[in-house]
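Novice: Just a sequence and a predicted model for now, questions to come.
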Amino acid sequence: MPFRPRLLPLSAALASLFATLLALPAQGQTLNELYDSARGFDATYQGARAQYDASVARAAQAKAGILPAVGLTAGATRNNLDIDTLTGTGRGTTTPRDFTTQNIGVNATQPLYRPANWATYEQGKRQAEIAQAVLTIAEQDLIVRVSQAYFDVLASQDSLTLVRAQKVAVAEQLASAKRNFEVGTSTITDTREAQARYDLVIAQEIAAENDLQVKKVVLDQLVGRPGSVPVPLAQPVVLPTAMPANIEAWVAQADEAHPAIRQAQLGLDVAGLETRKAEAGHKPTLDANLGYNITRNPDGTSTSTVGTRINAASVGVVFNLPLFAGFATENRIKETLALEEQSRSVLEGTRRSVAQATRAAYLGLVSGAGQVKALEAAEASSQSALDANRLGYQVGVRINIDVLNSQSQLFQTKRDLAQARYNVLLGNLKLRQANGTLTVDDMNAINATLAKNGSAAAPSLGEQPQTAPSVPVTPPRIPVVPPVPVPPFNPPAPTMPTAPVPPVILNPPVR
């Protein structure tokens, strides 16, 4: 049999590379730490927070229409008069008269019956609740954006680590192909194939390094701190499970608790109150007036030279009944009824969109969990395939390209598995965002899967409504068959016949 030097397994240098690249940084930040930084820095969230404060203040203004209005008035007037005294002949004398008038008073008005003002007050309370729903949506969006950027960096780090490990493995294969060619046990094709694969891995490493830098820039910009170092997942990886395993339970919960549905429902209530305000245009109003005014003329008046002071207290009720406004009220009612119907359609559309998004997020999470199981089986199978191809290459029944392809498949599977795990973690958060129940506690459960927090058990992502559990569908795990050693193939040496053997003719033709 031809002599082929035995290939070494993954060297100690490769193992050391994995240990170095996957080591936990001393100054790594957890998901919770970066989220707290993002809350105080992210411009989108800060804008949403300011909008919430403005909406609450604007809604509180509506209460002024049902509270009393009190005003203080004060003034001083200097009067210069020329008083002409007429006689029978039409001629008279002109007497100048100068005096000062001073006044001060306090007046109050209390609405007693104003239907439009009460409707505006109810609208204000609902608009404050709408502002709270909008802020909740912004907080949930921030949690998902920070988590997405966090795991994007980890995925890029894993990709770069695997590419570098693949480079080490391909370099060993290239060195082995060169040694085999030098001793004459392989062709130049093996060397060139290994060299081409090594050059390709170098290009992939450059791309992976650039992608990692870009993902780090995105995370740093989001959290407002340079040099962010996310903490990787704990080993072994334990993924949290989403309960209940029933898609309809998630949809039902979304219909009850989603802030977008709550916002649309409140919008419908505001539109209904706007119709009440329009209808109030036909109704009377009743106000109570109170006042106390002081008028002082120290130099007298136009008719008297004696100084006076008048203290006047008043109390009264003002009634107003609109009779005709040029059909403005009737047309305003028609407008608000149409807008109320529009708000009802928006509410129904929001419910449908939320239900669809919840179902899609749940199915994506189930699919992602199934992919993790399948990729774990594929990882073990790819490792066995690589071992078998390496052994076959040693004994001469496999060529160098088979080993290279097996190495590429193994590292690709490892990268896909890491990405699938991150997708499952993000899928848990996105499912709760889709049905409107995402909170910081759910992010804390994801944070518990990181290396700094240990991985004793799979955390539960929040309490969910109890429903009849359904049996989750998981793909069957393919058993991994260990490689069978292939015995060397030694064909017998051919022997030359001493005399030609005549051919045997079956069924000779009949002449």
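Specialist: Sure thing, it's come through.
Novice: Quick check: which ranges of the chain have low pLDDT?
Specialist: For the chain, the stretches with pLDDT under 70 are 1-27, 87-92, 452-511.
Novice: and Asp269, that's in a helix?
Specialist: Yes: Asp269 forms part of a helix when assessed by DSSP: H, G, I helix; E, B strand; the rest coil.
Novice: Could I get the full set of strands for the stretch 251-400 of the chain?
Specialist: Along the stretch 251-400 of the chain, counting by DSSP state E, counting those that start in this stretch, strands occupy 285-297, 308-320.
Novice: how much space between Val424 and Leu438?
Specialist: From Val424 over to Leu438 the distance is 16 Å, taken as Cβ to Cβ, to the nearest Å. In this view, the C-beta of every residue, glycine as well, is placed from N, C-alpha and C.
Novice: would CSV of the strands of the stretch 251-400 of the chain with mean neighbour count and distance to Gly65 be doable?
Specialist: CSV is the format used below for these (neighbours: other Cβ atoms under 10 Å; distance: least, Cβ to Cβ, whole Å):
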stretch, mean neighbour count, distance to Gly65
strand 285-297, 15, 11
strand 308-320, 10, 15
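Novice: mind checking which of the ones you listed is nearest Asn444?
Specialist: Closest approach to Asn444 among those (Cβ to Cβ): strand 285-297, 54.2 Å.
Novice: Dump the C-alpha coordinates for the closest one into CSV.
Specialist: The C-alpha atoms that make up strand 285-297 are tabulated as CSV, following Å, rounded to 0.1, in the frame of the first residue of the first chain:
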residue,chain,number,x,y,z
THR,A,285,-74.7,76.3,29.2
LEU,A,286,-75.0,77.6,32.7
ASP,A,287,-72.3,79.5,34.6
ALA,A,288,-72.1,81.1,38.1
ASN,A,289,-70.3,84.4,38.4
LEU,A,290,-68.9,86.0,41.6
GLY,A,291,-67.1,89.3,41.8
TYR,A,292,-65.9,92.0,44.2
ASN,A,293,-64.8,95.3,42.7
ILE,A,294,-63.6,98.6,44.2
THR,A,295,-63.7,101.9,42.2
ARG,A,296,-62.1,105.0,43.7
ASN,A,297,-62.3,108.6,42.4
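Novice: And that strand, what does it pack against?
Specialist: Packed against strand 285-297 by the contact rule (3 or more Cβ pairs under 8 Å, 6 or more residues apart in numbering; DSSP states H and E) you find strand 92-113, strand 308-320.
Novice: Could you export the strands of the stretch 251-400 of the chain as CSV, including distance to Ala57?
Specialist: Converted to CSV, the strands of the stretch 251-400 of the chain look like this (distance: least, Cβ to Cβ, whole Å):
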stretch, distance to Ala57
strand 285-297, 26
strand 308-320, 30
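Novice: right, so of the ones you listed, which gets closest to Leu135?
Specialist: strand 285-297 (36.0 Å).
Novice: mind listing the helices in the protein by residue range?
Specialist: Assigned by DSSP state H, the chain shows helices spanning 12-21, 31-39, 43-60, 115-183, 188-223, 247-257, 259-279, 328-395, 400-434, 440-447.
Novice: Gln383 and Leu410 touch, don't they?
Specialist: Yes: counting by Cβ atoms under 8 Å, Gln383 touches Leu410, with 6.0 Å between them.
Novice: neighbour-wise, which of the two wins?
Specialist: The neighbour count for Gln383 versus Leu410, taken as other Cβ atoms under 10 Å, is higher for Leu410 (23 against 16).
Novice: so what's the nearest residue to the more buried one once chain neighbours are set aside up against?
Specialist: The shortest distance from Leu410 to any non-neighbouring residue, by Cβ to Cβ, 6 or more residues apart in numbering, is to Ser382 (4.2 Å). Ser382 sits next to Ser406, Gln409, Leu410, Thr413 when contact means Cβ atoms under 8 Å, 6 or more residues apart in numbering.
Novice: Roughly how far does Ser382 sit from Ser408?
Specialist: 10 Å.
Novice: got it, and Asp441?
Specialist: According to Cβ to Cβ, Asp441 and Ser408 sit 42 Å apart.
Novice: Who has more neighbours out of those two?
Specialist: Ser408 (18 against 11).
Novice: correct me, but Lys216 touches Ser228?
Specialist: Yes: the criterion here is Cβ under 8 Å, and Lys216 meets it with Ser228 at 6.8 Å.
Novice: any common contacting residues for the two?
Specialist: Val153.
Novice: Those two: which has the busier surroundings?
Specialist: Neighbours per residue, other Cβ under 10 Å: of Lys216 and Ser228, the larger number sits with Ser228, 23 against 20.
Novice: in stretch 410-419, what's buried?
Specialist: Neighbour counts over stretch 410-419 (16 or more other Cβ atoms under 10 Å) mark Leu410, Phe411, Thr413, Lys414, Arg415, Asp416, Leu417, Ala418, Gln419 as buried.
Novice: Quick check: closest non-adjacent residue to the fourth one.
Specialist: If I follow you right, that is Lys414. Distances taken as Cβ to Cβ, 6+ apart place Leu162 nearest to Lys414, at 5.4 Å, with adjacent residues excluded.
Novice: residues near the one you found, how many?
Specialist: Counted with other Cβ under 10 Å, Leu162 comes out at 21.
Novice: quick thing: my sequence starts at 50, can you match it?
Specialist: From this message on, residue numbering opens at 50, which makes the last subject Leu211.
Novice: Hmm, Asp465 and it touching each other?
Specialist: No: assessed by Cβ under 8 Å, Leu211 is found out of contact with Asp465, at 10.1 Å.
Novice: Pull up the overlap in contacts between those two.
Specialist: By Cβ under 8 Å, 6+ apart, no residue touches both Leu211 and Asp465.
Novice: List the residues that contact Arg358.
Specialist: Contacts of Arg358 (Cβ under 8 Å, 6+ apart): Ile343, Thr344, Arg345, Asn346.
Novice: Which of those residues sits closest to Glu379?
Specialist: Glu379 lies nearest to Thr344 out of the contacts of Arg358, by Cβ to Cβ, at 45.3 Å.
Novice: May I have the residues that are in contact with that closest one?
Specialist: Contact analysis of Thr344 by Cβ under 8 Å, 6+ apart lists Thr150, Gln151, Asn152, Arg358, Ile359, Ala361.
Novice: repeat that with 6 Å
Specialist: Residues in contact with Thr344, defined by Cβ atoms under 6 Å, 6 or more residues apart in numbering, are Asn152, Ile359.
Novice: separation between it and Gly154?
Specialist: Thr344 is 8 Å from Gly154, by Cβ to Cβ.
Novice: In stretch 390-404, which residues are buried?
Specialist: Neighbour counts over stretch 390-404 (16+ other Cβ under 10 Å) mark Ser392, Arg393, Val395, Leu396, Thr399, Arg400, Val403, Ala404 as buried.
Novice: Those into TSV, with extra columns for distance to Ala109?
Specialist: Output for the buried residues of stretch 390-404, formatted as TSV (distance: Cβ to Cβ, whole Å):
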residue	distance to Ala109
Ser392	23
Arg393	27
Val395	25
Leu396	25
Thr399	26
Arg400	30
Val403	30
Ala404	34
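Novice: Return the member of the residues you listed nearest to Glu384.
Specialist: Looking across the buried residues of stretch 390-404 and measuring by Cβ to Cβ, the closest to Glu384 is Ser392, at 12.9 Å.
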